[in-house]
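Undergrad: below are the sequence and a predicted model; questions follow.
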Amino acid sequence: MDQEKKLYIVRCGEVALKGMNKPYFERVLIERVRSALKCYDGAEAKWIDGLMFVRVPADVPEDEVIGKCVRVFGVASVSPAVEAPKDINEIGRVAAEFMQKVIEQDGVRTFKVKGKRADKSFAVESPEIGRQVGGMVLKACKTLSVDVHRPDCVLTVDVRREGAYIFRDKIRGFGGLPLGTNGKGLILMSGGIDSPVAAFMMAKRGMSIEAVHFHSYPYTSQRAQRKVEELVKVLAGYMGTVKMHVINLLPIQEEIVKKCPEDETTLLVRRFMMRIAEQIAVKNGCMMLITGEDLGQVASQTAEALVVTDKVVQMPVMRPLIAMDKVDIMDKAREIGTYDISIQPYEDCCTVFLPKHPVTKPKPERIEKSESALDVETLVKNAVDSEEIVEIRP
Ligand code: ATP
Ligand code: MG
């Protein structure tokens, strides 16, 4: 016997606007949805006339399925739905049954029905679908009344070529484009609030992501690294398994502290981070670096400092948060579920050997002069060679 399944209608956002490339984007998006649901035996997804129909075994909680679908980039919204035969009386019967459940679950008292008729061969026109189905639901559900202006619940009846579908809520997804349709980038991932948001924003535009994390063990603890792994795990809920490169920066930091001016420490360290990240990116097919920097937030993120940091790499450096205010970044972090982990108080390699008065308006020539006391190439090579790789699963 066929396994009983629940239906979910998944709508795509920008993918629908993609013109000639639409089939490609649709193909990637459906693969992403299938992969997000592959933990449920028997789950299936298919496109029919611009909507994705997802069916998942009925014993899987609705919230779980919705949670997984809305985390797939490219998904605009999801609705749990029921299907009815294309007959107005049957539609009314199924809609009433559906509404009865909604009343039991949410105590809904008022409603209206919105009829839609994509299949013009269906004899009843849209407004009339609304009226007739509304009447049948009212008759069956004695506690309900109609409110066309501010109903507790809008029931949509969508009559399409292949069947009639009834649903209420649209649960919003994050939108964006399917992961993997826009190259691959390497996020410099700290344990802070910003870098996870930066990674999320680039991934939302379709970019696959690998991560690099620098630590200064034993000055930074293993617990601090675990925090970063927890953050990446949240991101993996949106992106699938993430490969993270882990590098001990301490040998470089010690050299800098020994041989360079104290007020330039942070900047010099950041230049090394960029150089190392670029090499890892090249080795792993990443075409861009991504950081969580934004303008003016801290001493190492003044316009001058960003220029000096950028000088050491050829690769484009994406800073998706550059013009955002901190409060907005914090809101975004809450929305995507990284905030509570980020605010746990663990040390970062940037806070080890922090200068008392860091330079805020560095001059490239001065920084280069300070760096000439170091064997940059060997330090970078040793760091890259010592990388450890952690695969972080959702
Ligand atoms: P975040 O909240 O992302 O830590 P921040 O405001 O604390 O950012 P900084 O600590 O100056 O700012 O770091 C700026 C950026 O440098 C980070 O967003 C991140 O991309 C990168 N970065 C900082 N520390 C590390 C680290 N330990 N490993 C990898 N990248 C780092
Ligand atoms: Mg930080």
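TA: Looks like it arrived, so ask away. Numbers count the residues shown, from 1 in each chain. Ligands and ions are numbered 1, 2, ... in the order given.
Undergrad: report the separation between the nearest residue to Ala16 once chain neighbours are set aside and ligand 2.
TA: Once flanking residues are discounted, Ala16 sits nearest to Gly50: 6.5 Å by Cβ to Cβ, 6 or more residues apart in numbering. Just so you know, the C-beta spots here come from the backbone N, C-alpha and C atoms, and that holds for glycine as well. Using Cβ to the ion, to the nearest Å, we find Gly50 at a distance of 43 Å from ligand 2.
Undergrad: so Gly50 touches Lys18, yeah?
TA: No: using Cβ atoms under 8 Å as the test, Gly50 is too far from Lys18 to be in contact (11.6 Å).
Undergrad: now the helices: where do they sit in the stretch 101-250 of the chain?
TA: Using DSSP state H, counting those that start in this stretch, the helices of the stretch 101-250 of the chain run over 126-140, 194-204, 222-239, 250-259.
Undergrad: what helices and strands are in contact with the first one?
TA: Judged by 3 or more Cβ pairs under 8 Å, 6 or more residues apart in numbering; DSSP states H and E, helix 126-140 is in contact with helix 88-106, strand 110-117, strand 145-146, strand 153-160.
Undergrad: how about 10 Å then?
TA: Contact partners of helix 126-140 among helices and strands, from 3 or more Cβ pairs under 10 Å, 6 or more residues apart in numbering; DSSP states H and E: helix 88-106, strand 110-117, strand 145-146, strand 153-160, strand 163-167.
Undergrad: what's the local residue count around the residue nearest to Ala16?
TA: Neighbour count for Gly50, taken as other Cβ atoms under 10 Å: 12.
Undergrad: so it makes contact with Arg11?
TA: Yes: assessed by Cβ atoms under 10 Å, Gly50 is found in contact with Arg11 at 8.5 Å.
Undergrad: show me the contacts for the one residue in the chain that gets nearest to ligand 2.
TA: Per Cβ to the ion, Gly192 is where the chain lies closest to ligand 2, at 3.4 Å. Going by Cβ atoms under 10 Å, 6 or more residues apart in numbering, Gly192 touches Val228, Leu231, Gly292, Ile329, Ala333, Thr338, Ser342, Ile343, Asp348, Cys350.
Undergrad: how does it look with 7 Å?
TA: By Cβ atoms under 7 Å, 6 or more residues apart in numbering, Gly192 lies in contact with Gly292, Ser342, Asp348.
Undergrad: list the buried residues of the longest strand along the chain.
TA: In the chain, with assignment by DSSP state E, the single longest strand is strand 75-84. Across strand 75-84, burial judged by 16 or more other Cβ atoms under 10 Å covers Val75, Ala76, Ser77, Val78, Ser79, Pro80, Ala81, Glu83, Ala84.
Undergrad: may I have the strands that pair with it, each with its orientation?
TA: strand 5-12 (antiparallel), strand 163-167 (antiparallel), strand 171-172 (antiparallel) (DSSP bridges).
Undergrad: contacts for stretch 214-222?
TA: 224-225, 246-250, 253, 273, 346-349, 352.
Undergrad: ah, wrong one, I meant stretch 238-252
TA: By Cβ under 7 Å, 6+ apart, the list of residues contacting stretch 238-252 reads 35, 71, 73, 179, 200, 203, 209-217, 219, 225, 232, 235-236, 269, 272, 276, 280, 349, 379, 382-383, 386-394.
Undergrad: near ligand 1, which of those show up?
TA: Val212, His213, Phe214, Cys349 (Cβ under 6 Å from any ligand atom).
Undergrad: give me phi/psi at the residue of the chain found nearest ligand 1?
TA: Residue of the chain nearest ligand 1, by Cβ to the nearest ligand atom: Gly192 (2.1 Å). With angles defined as degrees, to the nearest 10, Gly192 sits at phi -80, psi -170.
Undergrad: who does Val242 form a beta bridge with?
TA: Bridge pairing for Val242 - DSSP bridges - gives Ile392.
Undergrad: and the pLDDT for it?
TA: Looking at Val242, its pLDDT reads 98.
Undergrad: run a quick neighbour tally on it.
TA: Count around Val242 with other Cβ under 10 Å applied: 24.
Undergrad: near ligand 1, which residues of the stretch 251-394 of the chain?
TA: Neighbours of ligand 1 within the stretch 251-394 of the chain, by Cβ under 6 Å from any ligand atom: Met273, Thr291, Gly292, Glu293, Gln297, Val298, Ser300, Gln301, Asp348, Cys349, Cys350.
Undergrad: near the fifth one, how many other residues are there?
TA: Read it as Gln297. 16.
Undergrad: what's the distance between it and Glu26?
TA: In this view, Gln297 and Glu26 are 39 Å apart by Cβ to Cβ, to the nearest Å.
Undergrad: which element is the spatially closest residue to Ile30 that is not a sequence neighbour on?
TA: In this structure, Ile30 finds its nearest non-sequential neighbour in Ala45, 5.5 Å apart by Cβ to Cβ, 6+ apart. Here Ala45, judged by DSSP states H and E, is contained in strand 44-48.
Undergrad: chain center to stretch 290-303: distance?
TA: Relative to its parent chain, stretch 290-303 has a centroid offset of 22 Å by Cα atoms, centre = their mean, to the nearest Å.
Undergrad: then stretch 221-229?
TA: With Cα atoms, centre = their mean as the basis, stretch 221-229 stands 22 Å off its chain's centre.
Undergrad: got the end-to-end distance for stretch 31-50?
TA: Stretch 31-50 has an end-to-end distance of 15 Å (Cα to Cα, to the nearest Å).
Undergrad: what do you get for stretch 103-115?
TA: Terminal-residue distance, stretch 103-115 (Cα to Cα): 20 Å.
Undergrad: which residues sit against it?
TA: In contact with stretch 103-115 (Cβ under 7 Å, 6+ apart) are residues 99, 102, 126-130, 133-134, 137, 141, 143-148, 151-157.
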